[in-house]
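Undergrad: no FASTA, just this:
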C-alpha cells in the first residue's frame, strides 16, 4: 500500500534549462502529480471533485532544492497529506532520484476548498471523509518510515 | 502602423533547455503572443471575443527552426493574418533576434471559430469585419516589405 | 514488440489552459516523450548519444489537432521513424485518448544531427545503424496496422 | 529609479489552466523575470555573470497566492534583494494586477552562488559589489513605500 503513495515521472528535455538541470518551476508540476496520484490511492480523483463543484486551488507553495534533477532521470514523488486548521489542506512532497535514491527536493503546498465561483467553503462531508482517509494513510506511512 | 505588428518577448531561463537554447515547444507560445498582439493592432482583444462566446482553437501548427534563440535574447515576433477557405483562419509568424536581426524561426497556425461548446461556427459579422481588417493590414505590410 | 512503441502520459492541470483543454504547445512535449521512448525500444537512449557528442535538434515541427485532450486524460503516444534524404531524421506521432481510443492529434518532427558546437554532421555509423533499426521496426509496425 | 524595479508580463493563454486562472508554477517564471530585470537595474545582466562562470541556482522558493491572475492580465512584478547570511542571496517578489493594483501573489527565492561545476563559492568581489548596490536600492525603495 505504501508503494501507491509513489508516483514517477521522467524529466523531459523541455523540463530542463540552460544550466543543464530541471528548471525550478517544474518541481511544482511534479508536486501536482504527487497530490493527483494520492487521490487515486484512496480510490478517488481530483477531477471527479471538480465535476461536483469542489476546487482545491493552491494558497501557498514552497520548495527546497537539494540536488539537481537532470534530463531523462526518473523522479520518484512521495506525497503525504494532513488537514491543517482553518480549512486548510496541506500536501508535503519529497522528490527522489529513482536510480540512486538521492533526495532531490522537498516541499509543500497548502490548499483551500472553494466552490466553482472561487468562494472558500468547508469541504463537503464525503470529501472530508476522503481527506481523513488520506491523512491516516499518510501518518501510517510516516510511522513506518 | 507596421511597427504595431511587432511584439517582443525576452527568452527566459525557463524557456531554454539543456542544449542551451530555447526549447522547441516554446516557439508556439511566442506565436500566441504574436496573434494576441495582432488583435490589439486592430483595436480589439482575443479575450473580448471569448467573452462573447467566440473561440479560435488551433487546428494546425507548424514551425521551422532556423537558428536557436538563447537565454536573455529578445525575440521580435512579426505576425500576419489571412482568411483561408472553409472557415479557416491562418496566422503566419516570423521570429527574429532583435539584437542582430537574424531570422530564428517561421511558421503558421490555422484556427477555426467555435462556440463555447466547441462547435465550429462561421465567425459572426463583427468578428469577420475585424478579421478582414487584419487581413488588409497584413497584405499592406507584405507589399511594403 | 509493437507495444513498446507506445508511451503514455497523463494530462496535468498545468498542461491545460483556460479553454479547459490541453494547450497546443504541450503536444510538442508529448512528441518528445514519443521519440525518447522510441530510442529505448531499440535498447538505446537519446541521452547517451548526447554524451557522445551527437545532438538531434528539431528543424521542423508540425501538429494537427483533431480532438482536445483534457485534464487527467491519459494520452497514448505512437511514434514511428524514417530516415529522410539530406541527412534528415523524421519522427511521426499519433496521440490517442487511452480511455476511448479517439485520435487526438497527429504530427511530425524533422531533426538534423549536429556535433556539440551545432554543426550539422552525418550521423556516425553506430547511430546510423540504430536509426536503421528504428526505421525497420516502424515499417513493420505500419504494415501490421 | 524606483520604476525600474518593476517588470511587466502579460498572462498568456498557455500560462492559464482549466480552472481559468494562471497555473501556480508559472508564478515562479514571473519571479525569474523580476530578478533578471533587477540585475539590469544596476547596469548588469545575470547572463553576463554566467559567462564569467558565476551561477545563482535557486535553493528555496516560496509563493503565497492571494488572488488569481487571469488570461491577458498584465502582471506587474516588484522585486527586492537582500544578502542573507551563509552566502545566501534572497530576492522577494510582489506581483500585482497592473490594471487595478490588486496584490496577486508574493514570495521569495533564495539562491547560492556556484561555479560552473556546481560548487558553492563566495560571490567574487565585483559581483558582491553589484549585489550590495541591489540591496541598497531595495532598502531605499522599501523606506519610500
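TA: The structure has been received and is ready for your questions. Nothing here was measured: the structure is a model prediction, and the numbers come from that model. Numbering: from 1, shown residues only, chains lettered A, B, ... in the order given.
Undergrad: could you pull out the helices for chain A?
TA: Under the criterion DSSP state H, helices of chain A are mapped to A:26-41, A:46-51, A:125-144.
Undergrad: can you give me how far the shortest one is from the chain middle?
TA: Put plainly, it is helix A:46-51. Computed by CA atoms, centre = their mean, to the nearest Å, the separation of helix A:46-51 from the middle of its chain amounts to 16 Å.
Undergrad: does chain C have contacts with that helix?
TA: Yes: counting by CB under 8 Å from any CB of the partner chain, contacts between helix A:46-51 and chain C involve A:46-47. From N, CA and C alone the C-beta is placed, and that goes for glycine too.
Undergrad: show me the contacts for the residue nearest the centre of chain A.
TA: Taking CA atoms, centre = their mean, the centroid of chain A lies closest to residue A:35, which sits 3.0 Å from it. Shown in contact with residue A:35 (CB atoms under 8 Å, 6 or more residues apart in numbering or on different chains): A:46, A:79, A:81, A:91, A:93, A:109.
Undergrad: rewinding a little: worst mean pLDDT among the helices of chain A?
TA: With a mean of 85, helix A:125-144 has the lowest mean pLDDT of the helices of chain A.
Undergrad: so what does that one touch, helix or strand wise?
TA: Helix A:125-144 makes packing contacts with helix A:26-41, strand A:74-83 when contacts are defined by 3 or more CB pairs under 8 Å, 6 or more residues apart in numbering or on different chains; DSSP states H and E.
Undergrad: close enough to count as contact, residue A:19 and residue D:56?
TA: No: contact criterion CB atoms under 8 Å: residue A:19 and residue D:56 do not qualify, at 9.6 Å.
Undergrad: what's the closest of the helices of chain A to residue B:25?
TA: Closest of these to residue B:25 is helix A:26-41, at 13.2 Å (criterion: CB to CB).
Undergrad: how far is the closest one from where the chain is centred?
TA: Here helix A:26-41 is found 4 Å from its chain centre; the criterion is CA atoms, centre = their mean.
Undergrad: what does stretch A:64-79 give?
TA: 14 Å.
Undergrad: end-to-end on it?
TA: Terminal residues of stretch A:64-79 are spaced 15 Å apart (CA to CA, to the nearest Å).
Undergrad: and that stretch, what's buried?
TA: Neighbour-count burial for stretch A:64-79 flags A:64-65, A:68-73, A:75-79 (criterion: 16 or more other CB atoms under 10 Å in any protein chain shown).
Undergrad: give me every residue in chain A lying close to chain C.
TA: Chain A comes close to chain C at residues A:10, A:12-14, A:28-29, A:32-33, A:36, A:45-47, A:71-72, as judged by CB under 8 Å from any CB.
Undergrad: so what's the residue sitting furthest away from the middle of chain A scoring on pLDDT?
TA: Relative to the centre of chain A, and counting by CA atoms, centre = their mean, the farthest-placed residue is residue A:18 at 26.5 Å. Confidence at residue A:18, expressed as pLDDT, is 94.
Undergrad: from what I can see it touches residue B:22, true?
TA: No: the pair residue A:18 / residue B:22 is not scored as a contact, 9.1 Å apart, by CB under 8 Å.
Undergrad: overlap in contacts of those two?
TA: Contacts common to residue A:18 and residue B:22, judged by CB under 8 Å, 6+ apart, are B:16, B:70.
Undergrad: the residue nearest to residue A:59 when sequence neighbours are not counted: neighbour count?
TA: Excluding its sequence neighbours, the residue lying closest to residue A:59 (CB to CB, 6 or more residues apart in numbering or on different chains) is residue A:110, at 4.8 Å. By other CB atoms under 10 Å in any protein chain shown, the residues close to residue A:110 number 16.
Undergrad: enumerate the residues of chain A near chain D.
TA: A:19, A:21, A:24-26, A:28-29, A:32, A:55, A:57-65, A:68, A:109, A:118.
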